[in-house]
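[1] Model the structure of this input:
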Amino acid sequence: MPKTIINRYKKTAQYFTEDLGNGIELEMVLISGGSFIMGSPKEELESENDEKPQHEVTIKPFCFGKYPVTQAQWQAVAALPQVNQELKLDPSRFKGANRPVESVSWHDAVEFCARLSNYSQRPYRLPSEAEWEYACRAGTTTPFHFGETITTDLANYDGNYTYGDGVKGIDRGETTEVGSFKIANEFGLYDMHGNVWEWCQDDWHDSYEGAPTDGSAWISNKESSDKMLRGGSWLSNPENCRSAYRSNFDAGFDDDNRGFRVVCVAAWTQ
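    Residues are numbered from 1 along each chain as shown. The predicted structure follows:
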(Lines give C-alpha, C1' and ligand atoms only; values in the text may rest on other atoms or scores of the structure.)
Protein backbone atom coordinates (compact mmCIF):
# COMPACT_ATOMS: atom_id res chain seq x y z
CA MET A 1 0.00 0.00 0.00
CA PRO A 2 1.42 3.45 -0.86
CA LYS A 3 2.59 5.49 2.09
CA THR A 4 0.37 8.48 2.75
CA ILE A 5 2.22 11.38 4.34
CA ILE A 6 -0.03 13.53 6.47
CA ASN A 7 1.17 16.75 7.97
CA ARG A 8 -0.35 17.28 11.40
CA TYR A 9 0.01 20.60 13.17
CA LYS A 10 -0.10 21.53 16.83
CA LYS A 11 -0.52 25.26 17.02
CA THR A 12 -2.63 27.56 19.17
CA ALA A 13 -4.72 29.81 16.96
CA GLN A 14 -6.00 33.23 18.02
CA TYR A 15 -9.75 33.47 17.73
CA PHE A 16 -12.86 35.19 19.00
CA THR A 17 -16.34 33.83 19.51
CA GLU A 18 -19.56 35.46 18.34
CA ASP A 19 -22.45 34.68 20.67
CA LEU A 20 -25.57 34.01 18.59
CA GLY A 21 -27.78 33.32 21.62
CA ASN A 22 -29.28 30.15 23.11
CA GLY A 23 -25.84 28.64 23.58
CA ILE A 24 -24.97 28.87 19.88
CA GLU A 25 -21.56 30.32 19.10
CA LEU A 26 -19.62 31.14 15.94
CA GLU A 27 -15.85 30.65 16.28
CA MET A 28 -13.69 32.98 14.18
CA VAL A 29 -9.97 32.34 13.71
CA LEU A 30 -7.41 35.11 13.12
CA ILE A 31 -5.62 34.59 9.81
CA SER A 32 -2.38 36.55 9.80
CA GLY A 33 -1.59 38.53 6.67
CA GLY A 34 1.12 37.65 4.19
CA SER A 35 1.91 36.86 0.58
CA PHE A 36 1.42 33.55 -1.23
CA ILE A 37 1.43 32.05 -4.71
CA MET A 38 -2.17 31.54 -5.83
CA GLY A 39 -3.08 28.85 -8.34
CA SER A 40 -1.55 25.51 -9.28
CA PRO A 41 1.80 24.71 -10.87
CA LYS A 42 1.84 22.91 -14.23
CA GLU A 43 3.17 19.74 -12.64
CA GLU A 44 0.32 19.42 -10.12
CA LEU A 45 -1.72 16.32 -10.86
CA GLU A 46 -5.14 17.11 -12.40
CA SER A 47 -4.43 20.85 -12.41
CA GLU A 48 -6.72 22.94 -14.62
CA ASN A 49 -6.07 25.83 -17.00
CA ASP A 50 -8.38 28.11 -15.00
CA GLU A 51 -6.01 27.76 -12.02
CA LYS A 52 -3.30 29.59 -13.96
CA PRO A 53 -1.20 31.63 -14.30
CA GLN A 54 0.17 31.31 -10.81
CA HIS A 55 0.58 34.75 -9.31
CA GLU A 56 1.64 36.33 -6.03
CA VAL A 57 -1.13 37.79 -3.89
CA THR A 58 -0.74 39.81 -0.70
CA ILE A 59 -3.42 39.25 1.93
CA LYS A 60 -4.30 41.54 4.81
CA PRO A 61 -5.14 39.94 8.18
CA PHE A 62 -8.73 38.78 8.63
CA CYS A 63 -10.83 36.47 10.77
CA PHE A 64 -12.32 33.37 9.16
CA GLY A 65 -14.89 30.85 10.34
CA LYS A 66 -13.19 27.91 12.03
CA TYR A 67 -15.80 25.68 10.36
CA PRO A 68 -18.37 26.06 7.61
CA VAL A 69 -21.54 27.71 8.94
CA THR A 70 -23.60 25.06 10.72
CA GLN A 71 -27.33 24.53 10.61
CA ALA A 72 -27.65 25.70 14.23
CA GLN A 73 -25.79 28.92 13.38
CA TRP A 74 -27.86 29.39 10.24
CA GLN A 75 -31.13 29.01 12.12
CA ALA A 76 -30.05 31.53 14.77
CA VAL A 77 -29.14 34.16 12.17
CA ALA A 78 -32.05 33.39 9.82
CA ALA A 79 -34.38 34.27 12.70
CA LEU A 80 -32.91 37.80 12.88
CA PRO A 81 -34.58 40.74 11.11
CA GLN A 82 -34.53 40.64 7.31
CA VAL A 83 -32.14 42.97 5.45
CA ASN A 84 -32.71 42.37 1.73
CA GLN A 85 -34.46 39.03 1.32
CA GLU A 86 -36.20 36.24 3.17
CA LEU A 87 -34.30 33.18 4.37
CA LYS A 88 -35.59 29.67 4.97
CA LEU A 89 -35.10 28.68 8.58
CA ASP A 90 -34.18 25.08 7.77
CA PRO A 91 -33.07 24.71 4.13
CA SER A 92 -30.69 21.76 4.46
CA ARG A 93 -31.32 18.31 3.05
CA PHE A 94 -29.07 16.49 5.51
CA LYS A 95 -30.34 17.47 8.95
CA GLY A 96 -28.12 18.03 11.97
CA ALA A 97 -27.37 21.04 14.18
CA ASN A 98 -23.60 20.62 13.74
CA ARG A 99 -23.68 19.64 10.10
CA PRO A 100 -22.92 22.42 7.63
CA VAL A 101 -25.88 24.31 6.30
CA GLU A 102 -26.41 23.48 2.61
CA SER A 103 -29.00 24.09 -0.07
CA VAL A 104 -28.29 27.82 0.23
CA SER A 105 -27.62 30.11 -2.73
CA TRP A 106 -24.94 32.79 -2.93
CA HIS A 107 -27.65 35.41 -2.34
CA ASP A 108 -28.77 33.50 0.77
CA ALA A 109 -25.20 33.49 2.10
CA VAL A 110 -24.87 37.24 1.48
CA GLU A 111 -28.13 37.86 3.36
CA PHE A 112 -26.83 35.76 6.26
CA CYS A 113 -23.74 37.98 6.43
CA ALA A 114 -25.86 41.12 6.33
CA ARG A 115 -28.07 39.96 9.20
CA LEU A 116 -25.09 38.82 11.24
CA SER A 117 -23.37 42.18 10.66
CA ASN A 118 -26.40 44.10 11.92
CA TYR A 119 -26.73 41.84 14.94
CA SER A 120 -23.05 41.87 15.95
CA GLN A 121 -22.16 45.40 14.84
CA ARG A 122 -19.13 43.87 13.13
CA PRO A 123 -18.79 43.62 9.33
CA TYR A 124 -19.24 40.06 8.14
CA ARG A 125 -19.01 38.97 4.51
CA LEU A 126 -18.07 36.08 2.26
CA PRO A 127 -14.34 35.57 1.63
CA SER A 128 -12.68 36.66 -1.56
CA GLU A 129 -11.42 33.74 -3.59
CA ALA A 130 -7.83 34.78 -2.79
CA GLU A 131 -8.54 34.92 0.96
CA TRP A 132 -10.12 31.48 0.76
CA GLU A 133 -7.13 29.87 -0.97
CA TYR A 134 -4.63 31.63 1.32
CA ALA A 135 -6.56 30.39 4.37
CA CYS A 136 -6.87 26.87 2.97
CA ARG A 137 -3.19 26.53 2.10
CA ALA A 138 -1.97 27.96 5.42
CA GLY A 139 1.55 28.25 4.05
CA THR A 140 1.56 24.99 2.08
CA THR A 141 2.17 24.53 -1.65
CA THR A 142 0.97 20.93 -1.92
CA PRO A 143 -2.37 20.00 -3.55
CA PHE A 144 -3.98 19.66 -0.09
CA HIS A 145 -2.99 21.40 3.14
CA PHE A 146 -2.15 18.03 4.67
CA GLY A 147 0.07 16.86 1.82
CA GLU A 148 0.28 15.43 -1.67
CA THR A 149 -2.84 13.28 -1.50
CA ILE A 150 -6.14 12.82 0.29
CA THR A 151 -8.05 9.94 1.88
CA THR A 152 -11.53 9.60 3.29
CA ASP A 153 -10.00 9.38 6.78
CA LEU A 154 -9.08 13.05 6.31
CA ALA A 155 -12.04 14.55 4.46
CA ASN A 156 -15.57 13.89 3.22
CA TYR A 157 -15.60 13.32 -0.57
CA ASP A 158 -16.48 10.50 -2.98
CA GLY A 159 -14.06 7.77 -1.94
CA ASN A 160 -14.78 5.69 -5.04
CA TYR A 161 -12.13 7.84 -6.72
CA THR A 162 -8.46 8.36 -5.86
CA TYR A 163 -5.88 11.11 -6.24
CA GLY A 164 -2.16 10.45 -6.72
CA ASP A 165 -0.95 7.72 -4.37
CA GLY A 166 -4.20 7.78 -2.41
CA VAL A 167 -6.39 4.71 -1.96
CA LYS A 168 -10.11 4.19 -2.41
CA GLY A 169 -12.21 4.84 0.65
CA ILE A 170 -15.74 5.59 1.82
CA ASP A 171 -18.43 7.30 -0.22
CA ARG A 172 -20.58 8.67 2.60
CA GLY A 173 -23.14 10.19 0.25
CA GLU A 174 -23.99 13.00 2.67
CA THR A 175 -22.48 15.75 4.79
CA THR A 176 -20.67 15.09 8.06
CA GLU A 177 -20.61 17.19 11.22
CA VAL A 178 -18.11 20.03 11.00
CA GLY A 179 -14.74 19.26 12.52
CA SER A 180 -15.49 15.54 12.76
CA PHE A 181 -12.18 14.58 11.10
CA LYS A 182 -10.31 16.47 13.84
CA ILE A 183 -7.61 17.61 11.41
CA ALA A 184 -7.04 21.36 11.17
CA ASN A 185 -4.61 23.15 8.93
CA GLU A 186 -1.82 25.29 10.39
CA PHE A 187 -4.19 28.25 10.73
CA GLY A 188 -6.57 26.14 12.82
CA LEU A 189 -9.30 25.75 10.17
CA TYR A 190 -11.30 22.56 9.64
CA ASP A 191 -13.13 21.06 6.65
CA MET A 192 -11.38 23.17 4.02
CA HIS A 193 -11.30 20.10 1.75
CA GLY A 194 -14.64 18.39 1.03
CA ASN A 195 -17.93 18.25 2.98
CA VAL A 196 -19.57 21.29 1.29
CA TRP A 197 -18.50 23.68 -1.43
CA GLU A 198 -18.00 27.18 -0.03
CA TRP A 199 -19.29 30.33 -1.73
CA CYS A 200 -16.85 33.21 -2.31
CA GLN A 201 -17.58 36.84 -3.22
CA ASP A 202 -15.99 36.75 -6.65
CA ASP A 203 -17.50 36.50 -10.10
CA TRP A 204 -16.29 33.62 -12.23
CA HIS A 205 -13.28 34.23 -14.51
CA ASP A 206 -11.84 31.41 -16.61
CA SER A 207 -8.20 32.25 -15.82
CA TYR A 208 -6.15 34.47 -13.53
CA GLU A 209 -5.15 36.85 -16.33
CA GLY A 210 -5.77 40.31 -14.84
CA ALA A 211 -6.68 39.02 -11.37
CA PRO A 212 -6.22 41.35 -8.36
CA THR A 213 -3.01 40.86 -6.39
CA ASP A 214 -4.20 42.59 -3.19
CA GLY A 215 -6.54 39.84 -1.97
CA SER A 216 -9.72 41.69 -2.95
CA ALA A 217 -12.67 40.00 -4.62
CA TRP A 218 -12.58 40.01 -8.42
CA ILE A 219 -15.89 41.49 -9.53
CA SER A 220 -16.64 41.96 -13.23
CA ASN A 221 -17.71 45.32 -14.64
CA LYS A 222 -20.53 43.54 -16.40
CA GLU A 223 -23.18 41.84 -14.33
CA SER A 224 -22.30 38.21 -13.73
CA SER A 225 -24.61 35.59 -12.30
CA ASP A 226 -21.87 32.97 -11.79
CA LYS A 227 -20.08 33.11 -8.44
CA MET A 228 -17.04 31.24 -7.17
CA LEU A 229 -17.11 28.04 -5.15
CA ARG A 230 -14.12 26.47 -3.42
CA GLY A 231 -13.12 23.35 -1.50
CA GLY A 232 -15.11 20.48 -3.00
CA SER A 233 -17.85 18.54 -1.24
CA TRP A 234 -19.13 15.15 -0.12
CA LEU A 235 -20.17 14.57 -3.75
CA SER A 236 -16.82 15.54 -5.31
CA ASN A 237 -13.97 13.59 -6.80
CA PRO A 238 -10.78 14.15 -4.78
CA GLU A 239 -9.07 16.33 -7.41
CA ASN A 240 -11.93 18.82 -7.03
CA CYS A 241 -11.07 19.21 -3.34
CA ARG A 242 -7.56 20.55 -4.03
CA SER A 243 -6.52 23.91 -2.56
CA ALA A 244 -6.27 25.43 -6.04
CA TYR A 245 -9.42 23.95 -7.61
CA ARG A 246 -12.00 26.47 -8.79
CA SER A 247 -15.69 25.95 -9.52
CA ASN A 248 -18.65 28.24 -10.13
CA PHE A 249 -22.43 28.22 -10.07
CA ASP A 250 -25.30 30.59 -10.63
CA ALA A 251 -25.67 32.87 -7.59
CA GLY A 252 -29.41 32.33 -7.45
CA PHE A 253 -29.35 28.55 -7.26
CA ASP A 254 -28.73 26.25 -4.32
CA ASP A 255 -27.85 22.59 -3.98
CA ASP A 256 -27.27 20.09 -1.18
CA ASN A 257 -23.49 20.22 -1.57
CA ARG A 258 -23.04 23.99 -1.25
CA GLY A 259 -22.51 25.98 1.93
CA PHE A 260 -20.16 28.74 3.06
CA ARG A 261 -18.07 30.22 5.86
CA VAL A 262 -17.74 33.86 6.82
CA VAL A 263 -15.05 36.52 7.10
CA CYS A 264 -14.82 39.39 9.59
CA VAL A 265 -12.06 41.93 8.93
CA ALA A 266 -12.59 44.48 11.69
CA ALA A 267 -12.54 42.13 14.66
CA TRP A 268 -8.79 41.47 14.70
CA THR A 269 -8.09 45.15 15.34
CA GLN A 270 -10.51 45.42 18.27
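[2] Output the below-cut-off pLDDT ranges for the chain.
    Within the chain, the stretches with pLDDT under 70 are 1-12, 267-270.
[3] Quick one: the strands in it, in order.
    Remark: strands assigned in the chain by DSSP state E are 15-21, 24-31, 34-38, 55-59, 62-65, 124-125, 197-203, 226-230, 247-250, 258-259, 263-264.
[4] how far is the first one from where the chain is centred?
    Spelled out, it's strand 15-21. Strand 15-21 sits 19 Å away from the centroid of its parent chain (CA atoms, centre = their mean, to the nearest Å).
[5] how close does Glu174 get to Trp234?
    Distance, Glu174 to Trp234, using CB to CB, to the nearest Å: 6 Å. For glycine as for every other residue, the C-beta is placed from the backbone atoms N, C-alpha and C.
[6] who has more neighbours, the two?
    Remark: of Glu174 and Trp234, Trp234 carries more neighbours, 23 against 16, as counted by other CB atoms under 10 Å.
[7] Please name the nearest non-neighbouring residue to the more buried one.
    Asn156 (4.8 Å; CB to CB, 6 or more residues apart in numbering).
[8] Same check on Gly188?
    Using CB to CB, 6+ apart and skipping residues adjacent in sequence, the residue nearest Gly188 is Ala13, 3.1 Å away.
[9] number of nearby residues for that neighbour?
    Neighbour number of Ala13 under other CB under 10 Å is 17.
[10] That one touches Tyr190, doesn't it?
    No - in this structure, Ala13 is not within contact of Tyr190 by CB atoms under 8 Å, at 10.9 Å.
[11] intersection of neighbour lists for those two?
    Contact criterion CB atoms under 8 Å, 6 or more residues apart in numbering; residues shared by Ala13 and Tyr190: 66, 184.
[12] Kindly list the longest helix within the chain.
    Counting by DSSP state H, the longest helix found in the chain is helix 106-120.
[13] Can you say which of the strands of the chain is packed in most?
    Each of those was scored by mean neighbour count; the highest is strand 258-259, a mean of 28, by mean count of other CB atoms under 10 Å.
[14] Now tell me what touches that strand from outside.
    Contacts with strand 258-259, where a contact means CB under 8 Å, 6+ apart, come from 68-69, 100-105, 195-199, 229, 233, 249.
[15] 6 Å - rerun?
    68, 100-102, 196-197 (CB atoms under 6 Å, 6 or more residues apart in numbering).
[16] Would you mind writing the PyMOL command to select the buried ones in these?
    Buried members of the contacts of strand 258-259 can be picked out in PyMOL with the line below, counting by 16 or more other CB atoms under 10 Å:
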select buried, resi 68+100+101+102+196+197
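[17] Tell me which two in the contacts of strand 258-259 are the farthest apart.
    Using CB to CB, these span at most 12.1 Å, a distance reached by Val101 and Trp197.
[18] re earlier: contacts for the longest helix of the chain next, please.
    If you take CB under 6 Å, 6+ apart as the criterion, helix 106-120 is touched by 18, 77, 80, 83-85, 87, 123-126, 199, 227, 251, 260, 262.
[19] mind listing what's buried in it?
    In helix 106-120, counting by 16+ other CB under 10 Å, buried: 106-117, 119-120.
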